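Any chance you can model this:
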Amino acid sequence: MKYTAFLLLAFFATFSVDAQEKKPVKYIRVMGHSEQYYEPTYVDVHISLQEKEKVNNSNYVAEKERDLLSVLKEFGIDQSKLRVQQFNTGEAYAVFGSKYQVNKQYTLRIEDLKRYESIIIRLVEKDFKNLYVGEYGIADKAKRMDDLVAEAVKNGASKANIIATAANVKGFHLLSVDETHQNTPIPNDLFIIDAVQTRASGAANAVNMQLGKIFMQKDLTMVYEIE
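Residues are numbered from 1 along each chain as shown. The predicted structure follows:
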C-alpha cells in the first residue's frame with residue numbers, strides 16, 4: 001500500500017513538473033480580404049414572344065423569329081448563341097382569361113459587348129418587347145478567383161506583420177489558412193424594358209438595359225504560430 005502511494009505521488013510530481021515546463025502555444029489570428037469589380041465578358045438577354053389564340057390566321061411569333069434571325073445576321077452573331085425554350089400553352093392559360101397558341105422565351109448570348117447597346121437598340125426598333133438581362137458572366141472565373149485568393153493571403157500577412165511588430169514579436173510562421181467564404185459574383189441591378197414605355201419612347205429606352213459590373217470577393221482566416 002505504501003509502495004503504491006509512493007508511485008502515485010511520484011507520477012503526479014512528474015506531471016506537475018512537465019506541466020510547468022510546457023509553455024502555452026501563442027497565436028496571431030487575422031482575416032485576409034480581397035475584392036474586385038470586373039467588366040462582364042458576355043451577357044444573356046431574354047426575349048419573350050407570346051401569341052394568343054390565332055385570329056385571322058395571325059402568325060406573330062413566326063414573323064418575330066424571322067426578325068430576330070435577321071438581327072443576328074446583321075451583327076454577325078452565330079445562331080448557336082440563340083437558345084429557345086417552349087413553355088406550356090393552351091388550356092394551362094385559360095384560368096387567366098386567354099389561351100396562348102405559342103409561348104416561347106429566347107436567350108441571346110452577346111459576347112461582343114462593344115456593340116451590346118447597338119444590338120439592344122436594334123431589337124427595340126424591330127418592336128421586340130419584354131427584353132431583360134438574364135445573366136452576366138466573365139471568362140476565366142477560376143483564374144480570377146485564384147488571383148483574389150493570392151491578394152487575400154497578402155492582405156492577411158500584412159495584418160499579421162503589423163500585429164507582430166506592435167507586440168514586439170520576433171518570430172512567427174503560418175500555421176493554417178481557412179477559406180471562410182466562396183466567390184460571390186454579384187451583378188449590379190438589372191433593368192427591364194417595359195412594353196408601354198418602349199412604345200412611348202422608342203429605341204431611346206434601350207439605354208435602360210445598361211450593363212453593370214461583376215463584384216467578386218474572397219475572405220480567409222489565417223493563423224500564425226508565435227515561435
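
remind me which residues of this structure are low pLDDT?
1-25, 52-58, 87-102, 180-209 (pLDDT under 70).

What segments of it are strands?
27-38, 42-52, 82-86, 100-110, 131-137, 172-179, 186-187, 214-226 (DSSP state E).

right, and those strands - which one's nearest Ile162?
strand 27-38 (9.0 Å; CB to CB). The way it works is simple: take the backbone N, C-alpha and C, and place the C-beta from them, glycine included.

Present the strands of the chain as a markdown table; the columns should include mean neighbour count and distance to Val61.
Formatted as a markdown table, these follow (neighbours: other CB atoms under 10 Å; distance: least, CB to CB, whole Å):
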| stretch | mean neighbour count | distance to Val61 |
| --- | --- | --- |
| strand 27-38 | 16 | 36 |
| strand 42-52 | 18 | 5 |
| strand 82-86 | 12 | 10 |
| strand 100-110 | 18 | 4 |
| strand 131-137 | 18 | 16 |
| strand 172-179 | 13 | 48 |
| strand 186-187 | 14 | 29 |
| strand 214-226 | 18 | 33 |
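
So which of the ones you listed is nearest Leu72?
strand 82-86 (6.5 Å).

Remind me what that closest one packs against, helices and strands.
strand 100-110 (3 or more CB pairs under 8 Å, 6 or more residues apart in numbering; DSSP states H and E).

what lines up beside the strand it packs on in the sheet?
strand 42-52 (antiparallel), strand 82-86 (antiparallel) (DSSP bridges).

Contacts made by the last one with the rest, please.
Yep, that's strand 82-86 we're talking about. Leu68, Leu72, Asn103, Lys104, Gln105, Tyr106, Thr107, Leu108, Arg109 (CB atoms under 8 Å, 6 or more residues apart in numbering).

Could you point out which of those is nearest to Tyr42?
Nearest to Tyr42 among those, with distances taken as CB to CB, is Arg109, at 5.8 Å.

Can you get me a residue count around the closest residue to that closest one other than its chain neighbours?
Excluding its sequence neighbours, the residue lying closest to Arg109 (CB to CB, 6 or more residues apart in numbering) is Lys81, at 4.5 Å. A count of neighbours around Lys81, defined by other CB atoms under 10 Å, yields 14.

Please verify my assumption that Lys81 contacts Asp112.
No. The criterion here is CB atoms under 8 Å, and Lys81 misses it with Asp112 at 10.1 Å.

And stretch 105-125, what's buried?
Gln105, Tyr106, Leu108, Arg109, Ile110, Tyr116, Ile119, Ile120, Ile121, Arg122, Leu123, Val124 (16 or more other CB atoms under 10 Å).

Grab the CA positions of it and hand them over as PDB.
C-alpha atoms of stretch 105-125 as PDB (Å, rounded to 0.1, in the frame of the first residue of the first chain):
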ATOM      1  CA  GLN A 105     -38.500  32.500 -74.400                       C
ATOM      2  CA  TYR A 106     -35.300  33.100 -76.300                       C
ATOM      3  CA  THR A 107     -31.900  33.700 -74.700                       C
ATOM      4  CA  LEU A 108     -29.400  35.600 -76.800                       C
ATOM      5  CA  ARG A 109     -25.800  35.500 -75.600                       C
ATOM      6  CA  ILE A 110     -24.000  38.600 -76.600                       C
ATOM      7  CA  GLU A 111     -20.200  38.400 -76.300                       C
ATOM      8  CA  ASP A 112     -19.200  41.500 -78.400                       C
ATOM      9  CA  LEU A 113     -20.100  43.900 -75.600                       C
ATOM     10  CA  LYS A 114     -18.800  46.900 -77.600                       C
ATOM     11  CA  ARG A 115     -21.900  46.500 -79.800                       C
ATOM     12  CA  TYR A 116     -24.200  45.500 -77.000                       C
ATOM     13  CA  GLU A 117     -26.100  48.700 -76.900                       C
ATOM     14  CA  SER A 118     -26.400  48.800 -80.700                       C
ATOM     15  CA  ILE A 119     -27.900  45.300 -80.700                       C
ATOM     16  CA  ILE A 120     -30.400  46.200 -78.000                       C
ATOM     17  CA  ILE A 121     -31.500  49.300 -79.800                       C
ATOM     18  CA  ARG A 122     -31.900  47.400 -83.000                       C
ATOM     19  CA  LEU A 123     -34.100  44.800 -81.200                       C
ATOM     20  CA  VAL A 124     -36.300  47.600 -79.900                       C
ATOM     21  CA  GLU A 125     -36.500  49.200 -83.300                       C
END
